[in-house]
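S.K.: below are the sequence and a predicted model; questions follow.
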Amino acid sequence: MAKLPDPNYKIIAENRRARFDYAIESDLEAGIVLAGSEVKSLRTGQSSIADSYASVEGGELWLINAYIAPYKQAGTFGHEERRRRKLLVSRRELARLAQAVGREGMTLVPLVMYFNHKGRVKLKIGVAKGKRLADKRATEAKRDWNRQKQRLLKRG
């Protein structure tokens, strides 16, 4: 019998530009500390992580400049749209991320924000290195060639 898709799993926001602008070396899943009005707003799907990034500061991991739309029904108990949000990772992961950013010159880029199978908000963070213009062109040329190759294989 086919397994039914999980009703709780839902992608909230995706940073499609990250895979074009950065070479993703590795990724990890992090929890995120949110207020109640932020979670309710995310359930309606009103958020963006396109301009955001993660940073290790003071022994903690922070998500900076992520947009979560205000929840109208919250009234005065709402939240700031672009506030800094704390990310939850293990100490070992935090040390590895701090080393990658500090020594190797990597960037922490949010890739996907989603509700996991338990209904909790998670953020997939990529440890990435910025691509130069020539690298971006090469990636695009490779993608175009693969598309063209698939078309040729389909026809013949």
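M.R.: All right, it came through fine. Numbering: from 1, shown residues only.
S.K.: every contact and neighbour count from this point should use C-alpha atoms.
M.R.: Fine.
S.K.: residues contacting residue 89?
M.R.: 29, 30, 31, 61 (C-alpha atoms under 8 Å, 6 or more residues apart in numbering).
S.K.: narrow the residues you listed to those in strands?
M.R.: 29, 30, 31, 61 (DSSP state E).
S.K.: from the residues you listed, which single one is nearest residue 77?
M.R.: Closest to residue 77 out of those is residue 31 (22.8 Å), distances taken as C-alpha to C-alpha.
S.K.: just checking, that closest one touches residue 125?
M.R.: No - under the criterion of C-alpha atoms under 8 Å, residue 31 makes no contact with residue 125, lying 10.4 Å away.
S.K.: which helix or strand contains the nearest residue to residue 59 once chain neighbours are set aside?
M.R.: The spatial neighbour of residue 59 that comes closest, neighbours along the chain excluded (C-alpha to C-alpha, 6 or more residues apart in numbering), is residue 94 at 7.8 Å. If you go by DSSP states H and E, residue 94 is part of helix 91-102.
S.K.: ranges for the strands of the protein?
M.R.: Assigned by DSSP E, the strands in the chain fall at 10-14, 22-32, 47-48, 53-57, 60-64, 67-68, 85-88, 107-115, 121-130.
S.K.: what's in contact with the fourth one?
M.R.: Just to be clear, that refers to strand 53-57. 61-66, 94, 97-98, 107-110, 125.
S.K.: how about a markdown table for those residues, with pLDDT added?
M.R.: Converted to a markdown table, the contacts of strand 53-57 look like this (pLDDT from 0 to 100):
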| residue | pLDDT |
| --- | --- |
| 61 | 90 |
| 62 | 92 |
| 63 | 90 |
| 64 | 92 |
| 65 | 90 |
| 66 | 88 |
| 94 | 90 |
| 97 | 87 |
| 98 | 88 |
| 107 | 86 |
| 108 | 89 |
| 109 | 91 |
| 110 | 92 |
| 125 | 92 |
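S.K.: so for stretch 106-123, what gets flagged as buried?
M.R.: Buried residues in stretch 106-123, counting neighbours by 16 or more other C-alpha atoms under 10 Å, are found at 106-116, 121-123.
S.K.: what packs against the least confident helix or strand in the chain by mean pLDDT?
M.R.: When the helices and strands of the chain are scored by mean pLDDT, DSSP states H and E, helix 16-21 comes last with a mean of 82. Judged by 3 or more C-alpha pairs under 8 Å, 6 or more residues apart in numbering; DSSP states H and E, helix 16-21 is in contact with strand 107-115, helix 133-155.
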